[in-house]
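*Asks:* Let's see this in three dimensions:
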Amino acid sequence: MASLGSGRRILIGAGCFADAEAAFRLVERIPEKLPLELSGLLVDEGFIEDFVRSPMQKVVTPGGKLKDPPTAQRARALLERDTRAFRRMLSATAEAGSVKWSFEKRSGDLIRYAFDAASEWDILLLGRRTLHRRSGQVVIVSGDLHLSERAQKTARNLANEVTTGHVTLAISQNEAPQYIENAFFILEKDEPSLLRRLNRMNASTVVVDLEAGHRWSSDLIRQLLEAARCPLVILGPEPANDPPENSATDQKKSNSKKTQRADE
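*Replies:* Numbers count the residues shown, from 1 in each chain. You can find the predicted model right below:
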C-alpha cells in the first residue's frame, strides 16, 4: 500500500465485516489523494438477534440449504468476531500509511448514524457486499442535472481502477437516456423511478455528492443502498482549503519545533 500522505478524512460504516470489506477495497481508489484520517463505524442492527428471537426462522446457507439460526451465545460470538476483524483491517490499513485511525461500535440504525456523521467527514463509505458475479459500472446518482464535478471525477477514477465504465443516473422530466457532453446519462422523472432503475442496474459502486443541490435524507440514502446492492461513496462538505502535507514524520518534526520554541 502506498504511503498515505495529505488527503481526506474517510469514515467507513458497515453493519458487518463482510460489508466493511467491500468498503475497504475502495479506500485506495479515491481520486487525487489518499486518506489523512480513517475511522470505522460498525453498527449492530440486530439482524442475527432477530433470528434468535424467532424460533420458526431458518437460515439459508450459500449452498441453498436450510438450517436453524444461531443461538444467542453464537450470535454474540459472531458479532465479536466481526468487531475484531473490522478493527484489524482498519488498523492495518491506517498503520500501513501512517495515518490516524479510530473505531466505534454502536447498536441501532447504521444509516441514521452514518448519515448524521457524514457532515463531519470528507468522504463516507457505506459498505455493502456486492452480489454480482461480474463487475458493474460506477453509478453517479444525482437529484437533478446540476452536475457535481467532484462526483464525476471520483466515479471516473473508481471506474478506471477496475476497468469499467461510469454512468450518471439523474432526475429529470425527460425519461429518455441521452448523451450530454460525452457522458452517458440515464434520466428518470422522480425518486421512485430512479430507485427502480438503479435496482435493475449492475452497479459496482454508487457515488453521491451531498452538496450537489438535492435534498438528501437518511431514508433516501437507505433506499439507494438497498437498490444498488453495492457500496456507496458519499461525498461530504467540500473543505475550504486542502489540508497541508502531513505524515507521521512531519507531525513529529512540527511538534519538535513547537517544543524548541517554547524552551527558547
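*Asks:* going forward, measure contacts and count neighbours with C-alpha atoms only.
*Replies:* Noted.
*Asks:* Does the residue most central in space within the chain belong to a helix, a strand or coil?
*Replies:* The centre of the chain sits closest to Leu125, judged by C-alpha atoms, centre = their mean, with a distance of 1.6 Å. For Leu125, the assignment made with DSSP: H, G, I helix; E, B strand; the rest coil gives strand.
*Asks:* wait, isn't it in contact with Val233?
*Replies:* Yes - look at Leu125 against Val233 with C-alpha atoms under 8 Å: they come within range, at 4.9 Å.
*Asks:* Ala227 is in contact with Asn199, isn't it?
*Replies:* Yes - the pair Ala227 / Asn199 is scored as a contact, 4.5 Å apart, by C-alpha under 8 Å.
*Asks:* and the residue nearest to the centre of the chain, what is it in contact with?
*Replies:* Contacts for Leu125 (C-alpha atoms under 8 Å, 6 or more residues apart in numbering) come out as Ile10, Leu11, Ile12, Gly13, Ala23, Pro231, Leu232, Val233, Ile234.
*Asks:* With Trp101 instead?
*Replies:* By C-alpha under 8 Å, 6+ apart, Trp101 lies in contact with Glu37, Leu38, Ser39, Gly40, Leu90, Ser91, Ala94.
*Asks:* Let's see which of those residues end up in strands.
*Replies:* Applying DSSP state E to the contacts of Trp101, the entries found in strands are Glu37, Leu38, Ser39, Gly40.
*Asks:* so can I have CSV of these showing distance to Tyr113 and neighbour count?
*Replies:* Formatted as CSV, those follow (distance: C-alpha to C-alpha, whole Å; neighbours: other C-alpha atoms under 10 Å):
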residue, distance to Tyr113, neighbour count
Glu37, 19, 22
Leu38, 17, 22
Ser39, 13, 20
Gly40, 12, 23
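*Asks:* what's the burial count for Gln73?
*Replies:* Look at Gln73: counted by other C-alpha atoms under 10 Å, it has 10 neighbours.
*Asks:* measure it to Leu131 for me?
*Replies:* Distance, Gln73 to Leu131, using C-alpha to C-alpha, to the nearest Å: 28 Å.
*Asks:* got it, and Trp101?
*Replies:* 29 Å.
*Asks:* tell me how far the longest helix belonging to the chain is from the chain's mean position?
*Replies:* In the chain, with assignment by DSSP state H, the single longest helix is helix 72-96. Relative to the mean C-alpha coordinate of its chain, helix 72-96 is positioned 18 Å out (C-alpha atoms, centre = their mean, to the nearest Å).
*Asks:* For it, what does the pLDDT average out to?
*Replies:* Helix 72-96 carries an average pLDDT of 87.
*Asks:* packing partners for it?
*Replies:* Applying 3 or more C-alpha pairs under 8 Å, 6 or more residues apart in numbering; DSSP states H and E, one finds that helix 72-96 makes contact with helix 17-24, strand 37-44, helix 47-53, strand 100-107.
*Asks:* So for Ser204, which of these sits nearest?
*Replies:* For Ser204, the closest of the helices and strands packed on helix 72-96 is helix 17-24, at 9.9 Å, according to C-alpha to C-alpha.
*Asks:* what's the angle between that closest one and strand 37-44?
*Replies:* 160 degrees (axes from the mean of the first three to the mean of the last three C-alpha atoms, to 10 degrees).
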